[in-house]
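1. sequence unknown, structure follows:
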């Protein structure tokens with residue numbers, strides 16, 4: 001799926017199949033500060049492009065990122 005507009009998600013993003021392609025102009029924002037706000041990601045299900053996430057002070061999160069078919073999650 002390729003975003004053609006910016007998307008804000010207040011609840012939980014649950015990957016079931018595929019890659020979400022984003023861009024600076026069409027960014028994915030997770031407005032849920034929970035550490036489990038994104039689930040179901042793996043080497044076949046991730047975000048290809050920029051994304052933002054609301055974080056709790058001192059919280060941890062794994063950004064399910066990839067690029068051109070390569071999956072490389074980023075832990076913060």
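-> Noted; the coordinates are in hand. Every value quoted in this text rests on a predicted model; they were computed, and no experiment measured them.
2. endpoint to endpoint, stretch 2-10 covers what distance?
-> End-to-end span of stretch 2-10 (Cα to Cα, to the nearest Å): 19 Å.
3. state the mean pLDDT of it.
-> In this model, stretch 2-10 has a mean pLDDT of 97.
4. what about it, distance to the chain center?
-> 11 Å (Cα atoms, centre = their mean, to the nearest Å).
5. give the buried residues for it.
-> Of the residues in stretch 2-10, those buried under the neighbour-count criterion (16 or more other Cβ atoms under 10 Å) are residue 3. Backbone N, C-alpha and C define where each C-beta goes, glycine included.
6. can you list contacts of it?
-> Judged by Cβ atoms under 8 Å, 6 or more residues apart in numbering, the contacts made with stretch 2-10 from elsewhere in the structure are 20-23, 25-32, 37.
7. try it again with 7 Å
-> Stretch 2-10 is contacted by residues 20, 21, 22, 26, 27, 28, 29, 30, 31, 32 when judged by Cβ atoms under 7 Å, 6 or more residues apart in numbering.
8. go on, stretch 69-76?
-> Looking at stretch 69-76 with Cβ under 7 Å, 6+ apart, the contacting residues turn out to be 43, 46, 60, 61, 62, 63, 64, 65, 66.
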